[in-house]
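**Q** Generate a structure from the sequence data that follows.
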Amino acid sequence: MQPRNTTLRRLRIDTTASFTLEDATDLSALKDRRVLVLLDEQNLSIGAERFGYDLRYDLLAERIQSVAHTSELHLFTAAKQTRVQLARQFQRLGYLVHVKDIRHIRLPNGRLRTDSNVDNLFSFWAGLLAPEAADTILLGSGDYGLAGELAAAIRQRRESLTVMTLSLPGSTAQDLDARLNPSIAANLEIGLDLLRPVFQ
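**A** Numbering: from 1, shown residues only. Below is the predicted model:
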């Protein structure tokens with residue numbers, strides 16, 4: 001069963017989006033590589049919802065595993081009471097799951113702020129895992145503040161590593177463009193073959 005994180009779900013279909021989805025996802029850049037995959041579930045799922053789709057994490061895992069020589073899949077998400085059930089669903093698809101507990105923080109002015117951002121958790125594990133046996137790191141996020149800074153830090157620590165990004169069309173910050181960013185070797189984009197309509 002395809003897991004769906006409904007904890008923070010707010011449908012974000014952008015009918016004015018000028019970006020188009022390719023029919024097929026090209027993962028050929030991962031062929032025969034030893035890949036460490038780090039996916040920001042919030043960023044990827046929101047990117048898919050802009051087009052009216054859910055990302056098929058089950059198919060994404062299968063595709064990466066079929067192309068890469070070896071792969072280790074890590075997924076970062078946030079949840080409330082359903083965290084254990086959600087983690088188990090993703091684990092059955094082959095992911096190592098890192099779940100941030102959603103917290104409500106009271107600000108000095110008395111207002112409550114929901115803390116559900118996984119960037120710190122993502123960065124912590126990226127730092128721990130980057131020195132391992134992989135020769136390629138695939139950052140599943142189009143957020144420059146996360147993926148861009150991580151890519152630069154990873155390459156500073158281990159220059160031999162190849163860093164790529166994975167995101168939806170229109171969800172990748174311009175500063176992550178591999179043609180302009182020396183820390184990033186390629187930008188991989190998710191196509192229709194890894195998506196399904198939200199209401200299906």
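
**Q** end to end, how far does stretch 156-171 reach?
**A** 25 Å (Cα to Cα, to the nearest Å).

**Q** what's the spacing between that stretch and its chain's center?
**A** 11 Å (Cα atoms, centre = their mean, to the nearest Å).

**Q** Over to stretch 59-67?
**A** The answer for stretch 59-67 is 14 Å, by Cα atoms, centre = their mean.

**Q** What's the mean pLDDT across that stretch?
**A** Mean pLDDT, computed over stretch 59-67, is 96.

**Q** buried sites along it?
**A** By neighbour count on 16 or more other Cβ atoms under 10 Å, the buried set for stretch 59-67 is Leu59, Leu60, Ala61, Arg63, Ile64, Val67. Glycine gets a C-beta too; all of them are placed from N, C-alpha and C.

**Q** ok, then the element right after the longest strand seen in the chain?
**A** Longest strand in the chain by number of residues (criterion: DSSP state E): strand 70-79. Once strand 70-79 ends, the next helix or strand along the chain (criterion: DSSP states H and E) is helix 83-92.

**Q** Show me which positions of that following helix end up buried.
**A** For helix 83-92, using 16+ other Cβ under 10 Å, the buried residues are Arg83, Leu86, Ala87, Gln89, Phe90.

**Q** name the helices or strands packed onto it?
**A** Applying 3 or more Cβ pairs under 8 Å, 6 or more residues apart in numbering; DSSP states H and E, one finds that helix 83-92 contacts strand 70-79, strand 96-101.

**Q** ranges for the helices of this protein?
**A** Taking DSSP state H as the test, the helices found in the chain are 41-49, 57-67, 83-92, 119-129, 149-157.
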